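Engineer: For reference, the sequence and a predicted model appear below.
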Amino acid sequence: MTRPLVLTLGEPAGVGPEIVAAAWRARSADMLPFAVIGDAALLEAQGIAVADVFTPGEAAQHFERALPVIHRALPAPVTVGLPDPVNAPSVADGIEEAVSFALSGEASGLVTAPIAKAPMYASGFRFPGHTEFIAELTADAPYAGTRGPVMMLTARDLRACLVTIHVALDQVPELVTAERVARTARVVHESLKRDFAIARPRLAMAALNPHAGEGGALGLQEIETLIPVAEQLRGEGIDITDPRPADTLFHDDARATYDAAICMYHDQALIPVKTLDFWGGVNVSLGLPVIRTSPDHGTGFDIAGKGIARPDSLIAAVRLASEMAAARAAR
Ligand SMILES: NC(=O)C1=CN([C@@H]2O[C@H](COP(=O)(O)OP(=O)(O)OC[C@H]3O[C@@H](n4cnc5c(N)ncnc54)[C@H](O)[C@@H]3O)[C@@H](O)[C@H]2O)C=CC1
Ligand SMILES: NCC(=O)COP(=O)(O)O
């Protein structure tokens, strides 16, 4: 039987509590039941019934009538829209606890509500985001496959996967190495088979430079790095294209030619994803021993507490984690 999911509440002063409550209100047959790690008072304040539980395994028995919560009180009161770094260590602890439930098998996977990066960094959090933190927390767990983490964003029929994640643009060219591109492609190829049940994944590689480098006139990374690595990957049996100009890779007809795009930097992947479907996009961490999904938006401090935050992306993240858990269980 597939176990429930575990959710983290994320930044308590952001939209997390209201979208988590809304996701529970929208519970449906295509979602696994879930338990939330966080401050129960913030969820009760959303006008829903909550049930105190100790593990995600207890979620299913309560889920229909109340949102199961693994209560973790915050050290400082929450002012909506104003993150307090004093609460940041509890946010990180919640993610760590969720990962341990997923590693122990008590949860099928985790779905994380957004964190605010700046207050986390101010409190000493030393990871760029969830993705790298979860990779570190799971580094010693057994895993049969190429290790990530690889960040993938999905929206409608687009899956965009990142070779570099949260780095300044001027650092991107030196980080686009053959090793990084190859590892990203291998992780994506394996994950599309294992987690998305795609038997023969087709990958499209995005070029780094305009016009895929214009034969070297607009940059040499395609000739020196990307074309050779694409050839090497095809030699391993991975169906991947040579680098394609990124400006023509994401329109409707182009998307039909591949199952995932390998993108060289953050905005190359996230702009098409968020343009295509800002409300329904999902962030997925690939190449880890645990399943992890997340909404593609952030903490929405400008709208938190106003009752207008849309839960669609979190709901899509819960659905996708449920599908991935089913795909892994069926193998
Ligand atoms: N997975 C995660 O933990 C992520 C965290 N962040 C963090 O979020 C914080 C704020 O980042 P921003 O760049 O301002 O992005 P943001 O996504 O929080 O906000 C961008 C715009 O989208 C709107 N928006 C966001 N979520 C919405 C929702 N559920 N319904 C309706 N409108 C929504 C906001 O009101 C704002 O106008 C930062 O600290 C950033 O690091 C950002 C992206 C992902
Ligand atoms: N821009 C995507 C983002 O910030 C999500 O990062 P992560 O917390 O999922 O690693």
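Structural biologist: All right, it came through fine. Ligands and ions are numbered 1, 2, ... in the order given.
Engineer: Surely Phe185 is in a helix?
Structural biologist: No Phe there; residue 185 is Ala. Yes - according to DSSP: H, G, I helix; E, B strand; the rest coil, the state of Ala185 is that of a helix.
Engineer: and it, what is it in contact with?
Structural biologist: Contacts here follow C-beta atoms under 8 Å, 6 or more residues apart in numbering; on that basis Ala185 touches Leu203, Met205, Val229, Leu233, Ile238, Ile240, Ile262. C-beta coordinates here come from the backbone N, C-alpha and C atoms, glycine included.
Engineer: Would you quantify the distance from it to Met205?
Structural biologist: Taking C-beta to C-beta, to the nearest Å as the measure, Ala185 falls 8 Å from Met205.
Engineer: from the stretch 151-300 of the chain, which residue is nearest to ligand 1?
Structural biologist: Gly298 (2.2 Å; C-beta to the nearest ligand atom).
Engineer: wait, Pro173 sits on Glu222?
Structural biologist: No - Pro173 is beyond contact range of Glu222, at 11.5 Å (criterion: C-beta atoms under 8 Å).
Engineer: These two: who's more crowded?
Structural biologist: Glu222 (25 against 17; other C-beta atoms under 10 Å).
Engineer: what's the burial count for Glu136?
Structural biologist: Neighbour tally, Glu136, other C-beta under 10 Å: 14.
Engineer: no, scratch that, I was asking about Gly219
Structural biologist: So Gly219, with other C-beta under 10 Å, has 17 neighbours.
Engineer: give the contact list for it.
Structural biologist: Pro173, Leu208, Asn209, Pro210, Gly213.
Engineer: The third one: neighbouring residues, count only.
Structural biologist: Spelled out, that is Asn209. Neighbour tally, Asn209, other C-beta under 10 Å: 20.
Engineer: Check what pLDDT it gets.
Structural biologist: Predicted confidence (pLDDT) at Asn209: the value is 98.
Engineer: Who are the contact partners of it?
Structural biologist: Leu218, Gly219, Gln221, Glu222.
Engineer: Helices - which of these land there?
Structural biologist: The helices, defined by DSSP state H, take in Gln221 from the contacts of Asn209.
Engineer: so how far is Thr225 from Arg292?
Structural biologist: Distance from Arg292 to Thr225, by C-beta to C-beta: 29 Å.
Engineer: Give me the subset of the contacts of Asn209 that also touch ligand 2.
Structural biologist: Checked against ligand 2 using C-beta under 6 Å from any ligand atom, these yield no neighbours at all.
Engineer: follow-up on the earlier one: identify the contacts common to Pro173 and Glu222.
Structural biologist: Common contacts of Pro173 and Glu222 (C-beta under 8 Å, 6+ apart): Leu208.
Engineer: Can you read off the pLDDT for Met1?
Structural biologist: Looking at Met1, its pLDDT is 67.
Engineer: likewise Ala330?
Structural biologist: Confidence at Ala330, expressed as pLDDT, is 88.
Engineer: Look up which helix or strand the closest residue to it other than its chain neighbours falls in, please.
Structural biologist: Spatial nearest neighbour of Ala330, chain neighbours left out: Ala197 (7.6 Å); criterion: C-beta to C-beta, 6 or more residues apart in numbering. Under the criterion DSSP states H and E, no helix or strand holds Ala197.
Engineer: Number of residues surrounding Ala197?
Structural biologist: 14.
Engineer: among the contacts of Ala185, which are in helices?
Structural biologist: Per DSSP H, the subset of the contacts of Ala185 in helices is Val229, Leu233.
Engineer: picking that back up, so for Ala185 and Met205, which residues contact both of them?
Structural biologist: Joint contacts of Ala185 and Met205 (C-beta under 8 Å, 6+ apart) are Ile240, Ile262.
Engineer: OK, contacts around the nearest residue to Pro128 once chain neighbours are set aside?
Structural biologist: Excluding the flanking residues, the one nearest Pro128 by C-beta to C-beta, 6+ apart is His166, at 4.0 Å. Residues near His166 by C-beta under 8 Å, 6+ apart: Pro128, Gly129, His266.
Engineer: Now do the contacts for the second one.
Structural biologist: Spelled out, it's Gly129. Contacts of Gly129 by C-beta under 8 Å, 6+ apart are Ile115, Lys117, Ile165, His166.
Engineer: Quick check on the second one: phi, psi?
Structural biologist: Main-chain torsions, Lys117, degrees, to the nearest 10: phi -70, psi -40.
Engineer: Quick check: pLDDT value at the residue nearest to it when sequence neighbours are not counted.
Structural biologist: Nearest residue to Lys117, sequence neighbours excluded (C-beta to C-beta, 6+ apart): Gly129, at 6.4 Å. Note on Gly129: pLDDT of 95.
Engineer: Done for today, thanks.
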